[in-house]
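Colleague: The sequence isn't on hand, but the structure is:
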Ligand code: NAP
Ligand code: F7E
């Protein structure tokens, strides 16, 4: 019998890449969507799997809808990617961030515990949980958490609840502690896509400037298509566990800006970039760099797309969207 997967966050960035991977592996893929008047399938269209996903309706904040779905589908695996995932917005909308990112996970884990206890559960945890903490300049599975935003705090709850249901009830739960991962279908509010979209528009004469916040922040940026493989691999192991997933390299936002402008032949990028305090955060995470040794050793996983290739891929896709070469 073929495996079934329920993927939440199916219309976001990671959902489509994961759905494609699972479909290629022969899964029946159910995608959880909220109710919309006008759903936006553009990310699934980009990846080319819109017609192969079976859509089911529900909301992370609505316990009964989650319970019903798990009971009805009895999925082999649940990949919980749904979240209010924009860190900046979590400062202004802390409650909804908590309801989706923390209580949504409680709803799923209870649904699995009571109605489908052999279902394996992947929780989209994040390097934002580390916040200010590091171990000699990097973060791994043993680095303590010190989140710096309501988003980070909400994800720490979800992380520990997933661990707790594993330890208390023997559920197969895994936390993928993923560092920033990007792609041509990354939301335009996130800094990488904001930059590549802005650079494409400047190159084509459609914009004159790019307004950004803190250029000194360092992130470990990889390609989303590589990272969904790690999610899948975690649930194929004999035993559940938690894994740090990243490239092991960090770059500043400034490096990203410079690389993006360079990829379209613009070297004097400072002419176009305006620092705007509205894009700064009440508390910042200054530097994140993964040490993904456990993932390499146990999952045999490593990132394939380099920083330069990622920047170029994203800029090219945005240029194409605006009709450029
Ligand atoms: P994303 O593009 O923001 O997608 C999140 C998805 O969650 C969206 O499709 C959204 O639906 C859905 N969602 C939000 N609230 C919901 C609700 N109440 N009920 C049902 N669905 C809801 O995020 P992503 O970049 O793909 O990331 C996937 C997951 O990994 C997230 O949990 C994120 O926090 C986590 N993560 C991401 C990164 C990264 O760098 N991308 C790193 C570490 C962890 P709508 O389409 O309706 O808005
Ligand atoms: O910011 C700085 C900003 O919003 C990255 C989410 O997927 O990854 C993501 O969270 C850095 C920050 O991502 C602008 O201050 C400067 O230091 O792209 P971002 P994030 O906050 O790192 C983690 C792992 C997740 O889990 C999250 O879900 O860039 N920055 N200027 C800016 N950021 C934005 N968005 N916009 C700016 O204009």
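Modeller: Now that the structure is in, tell me what you want to look at. Being a predicted model, the structure only gives us computed values, none of them experimental. Numbering: from 1, shown residues only. Ligands and ions are numbered 1, 2, ... in the order given.

Colleague: For the strand or helix carrying residue 312, list every residue counted as buried.
Modeller: Taking DSSP states H and E as the criterion, residue 312 maps to helix 307-321. Residues 307, 310-319 are the ones in helix 307-321 that count as buried (16 or more other C-beta atoms under 10 Å). For glycine as for every other residue, the C-beta is placed from the backbone atoms N, C-alpha and C.

Colleague: swap in stretch 206-220?
Modeller: Residues of stretch 206-220 classed as buried: 210, 212-214, 217-220 (neighbour count, 16+ other C-beta under 10 Å).

Colleague: close to ligand 2, is stretch 178-193?
Modeller: Yes. Stretch 178-193 reaches ligand 2 (C-beta under 6 Å from any ligand atom) through 179-180, 189-192.

Colleague: Give me the distance between the two termini of that stretch.
Modeller: End-to-end span of stretch 178-193 (C-alpha to C-alpha, to the nearest Å): 18 Å.

Colleague: mean confidence score for that stretch?
Modeller: The pLDDT scores in stretch 178-193 average 98.

Colleague: same deal with stretch 266-275?
Modeller: Here stretch 266-275 scores 97 as its mean pLDDT.

Colleague: end to end, how far does it reach?
Modeller: By C-alpha to C-alpha, the extent of stretch 266-275 from end to end equals 19 Å.

Colleague: just stretch 267-287 next, same as before
Modeller: This stretch, stretch 267-287, spans 26 Å end to end (C-alpha to C-alpha).

Colleague: And for stretch 161-179?
Modeller: For stretch 161-179, the first-to-last residue distance is 20 Å (C-alpha to C-alpha).

Colleague: low-confidence ranges in this protein?
Modeller: For the chain, applying pLDDT under 70 flags the ranges 325.

Colleague: do that again at 90, thanks
Modeller: 1-2, 323-325 (pLDDT under 90).

Colleague: just the helices in it please.
Modeller: 14-24, 42-47, 63-73, 87-92, 94-98, 104-115, 150-169, 191-203, 224-235, 253-263, 293-294, 307-321 (DSSP state H).

Colleague: and the second one, how far out from the chain's middle?
Modeller: What it means is helix 42-47. Distance, stretch centre to chain centre, for helix 42-47: 16 Å (C-alpha atoms, centre = their mean, to the nearest Å).

Colleague: Quick check: buried residues in it?
Modeller: 43-44, 46-47.

Colleague: Can you tell me which of those residues is nearest residue 127?
Modeller: residue 43 (22.2 Å; C-beta to C-beta).

Colleague: Pull the contacting residues for that closest one.
Modeller: The contact partners of residue 43, taken as C-beta atoms under 8 Å, 6 or more residues apart in numbering, are 11-13, 15-16, 185.

Colleague: quick revisit: any bit of the helix holding residue 312 sitting next to ligand 1?
Modeller: No. Using C-beta under 6 Å from any ligand atom, helix 307-321 never reaches ligand 1; the gap is at least 11.9 Å.

Colleague: Mind putting the residues of stretch 178-193 next to ligand 2 into CSV with neighbour count?
Modeller: Listed next are these as CSV, based on neighbours: other C-beta atoms under 10 Å:
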residue, neighbour count
179, 25
180, 22
189, 13
190, 16
191, 22
192, 23
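
Colleague: quick one: which two of the residues you listed are the most distant?
Modeller: Largest separation among these by C-beta to C-beta: 179 and 189, giving 18.3 Å.

Colleague: on that earlier part again, who are the packing partners of the helix holding residue 312?
Modeller: Applying 3 or more C-beta pairs under 8 Å, 6 or more residues apart in numbering; DSSP states H and E, one finds that helix 307-321 contacts helix 191-203, strand 222-223, helix 253-263.
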